[in-house]
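S.K.: Following is a predicted model, sequence given first.
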Amino acid sequence: MSVPNTAKLKEQFDVGLQTRADFTIDQPMDRYGGVDHAVWKQLYTRQTSLLEGRVCDAFLLGVKRLNLSPENVPAFDDINTQLMPATGWRIVAVPGLVPDQVFFEHLANRRFPVTWWMRRPDQLDYLQEPDCFHDLFGHVPLLFDPVFADYMHAYGRAALAAHAANALPLLARLYWYTVEFGLIRDDASPNGVKIYGAGIVSSKDETLYSQQSDAPNRIAFDLARVMQTQYRIDTFQKTYFVIDDFAQLFDLARTDFAPLLAMLADAAPIPAGDIRAGDRVIMRGSGEGWATDGDI
Ligand SMILES: [Fe+2]
């Protein structure tokens, strides 16, 4: 999710990129060097082979339609040539994380902000901020899926309304547990789930952990439950929420959030690893390796 004015963002401003009021820039193709392309190739090759059989079919279809070269960091204009006719979405280059309201306004207008810079070779396995590989490889394939694309659009509008109502944490958790760390039911797969969240598909270790580890909880998706649940930004998730299909997300994003936001306004957050009465538990996690503090 978006946090304003991170060090990385300031660093990019400082090197003189021309940044517009909506925080977009022209993708600076001339700033990619051999190391950037090599990191892209390594991550792209590793994840596409790892994800086969683990990620949902819609994601693989999106990767196929993107038809990216493994050799070079992609040109965003080329991607838009494929994406815009498919679902009306396009990607825009940004220097890094952007303020919440700016981010949601982009989503509400079917624009997905993609960080232009690539992580360093010593950051292949973990990076706290999103980079180009996370934003592009993680998020863009599902924007080719019409139902998921409509969910992202509806989410942007709902988040803008929540922002205005000072209820953003509730919507931030929804984004986290769906767009970033969502699992989807697939009875033929290990533990009955496949992955679709961008934070998982762009990470080698969380791809394996989220689907196959005995440690995390896997709970059937419930909107109010998800909106109250804290999460982890520094470790694997303690709990993953499992949707039946993308239509489930789209249906809920069209609902009127206002009564739910009002109802949950004073509700105490649920710790990330808790299981509550009423949860439809698909698999209760062993809790092995969980940090005892640090839920946010
Ligand atoms: Fe992301």
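M.R.: On my side now, so go ahead.
S.K.: where along the stretch 51-200 of the chain do the strands fall?
M.R.: Here the stretch 51-200 of the chain has its strands, by DSSP state E, counting those that start in this stretch, at 90-94, 111-115, 183-185, 193-195.
S.K.: So which of those is nearest residue 64?
M.R.: Residue 64 lies closest to strand 193-195 among the strands of the stretch 51-200 of the chain, at 16.5 Å (Cβ to Cβ). Bear in mind the C-beta positions are built from the backbone N, C-alpha and C, glycine included.
S.K.: Which one, of the strands of the stretch 51-200 of the chain, ends up nearest to residue 221?
M.R.: Closest to residue 221 of these, according to Cβ to Cβ: strand 183-185, at 8.9 Å.
S.K.: Next to the ion, which bits of the stretch 51-200 of the chain? Give me the list.
M.R.: Residues of the stretch 51-200 of the chain lying near the ion by Cβ under 5 Å from the ion: 130, 198.
S.K.: which stretches of the stretch 51-200 of the chain form helices?
M.R.: Taking DSSP state H, counting those that start in this stretch as the criterion, the stretch 51-200 of the chain contains helices spanning 57-66, 76-87, 100-108, 132, 146-164, 168-175, 198-201.
S.K.: Kindly reformat those helices as a markdown table containing mean neighbour count, distance to residue 233 and mean pLDDT.
M.R.: As requested, the helices of the stretch 51-200 of the chain are arranged in a markdown table below (neighbours: other Cβ atoms under 10 Å; distance: least, Cβ to Cβ, whole Å; pLDDT from 0 to 100):
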| stretch | mean neighbour count | distance to residue 233 | mean pLDDT |
| --- | --- | --- | --- |
| helix 57-66 | 18 | 23 | 96 |
| helix 76-87 | 16 | 26 | 98 |
| helix 100-108 | 20 | 15 | 96 |
| helix 132 | 23 | 20 | 96 |
| helix 146-164 | 20 | 18 | 93 |
| helix 168-175 | 21 | 11 | 93 |
| helix 198-201 | 24 | 10 | 97 |
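S.K.: Columns distance to residue 36 on top of those helices, output as JSON lines?
M.R.: Conversion of these to JSON lines gives the following (distance: least, Cβ to Cβ, whole Å):
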{"stretch": "helix 57-66", "distance to residue 36": "18"}
{"stretch": "helix 76-87", "distance to residue 36": "14"}
{"stretch": "helix 100-108", "distance to residue 36": "24"}
{"stretch": "helix 132", "distance to residue 36": "8"}
{"stretch": "helix 146-164", "distance to residue 36": "27"}
{"stretch": "helix 168-175", "distance to residue 36": "28"}
{"stretch": "helix 198-201", "distance to residue 36": "20"}
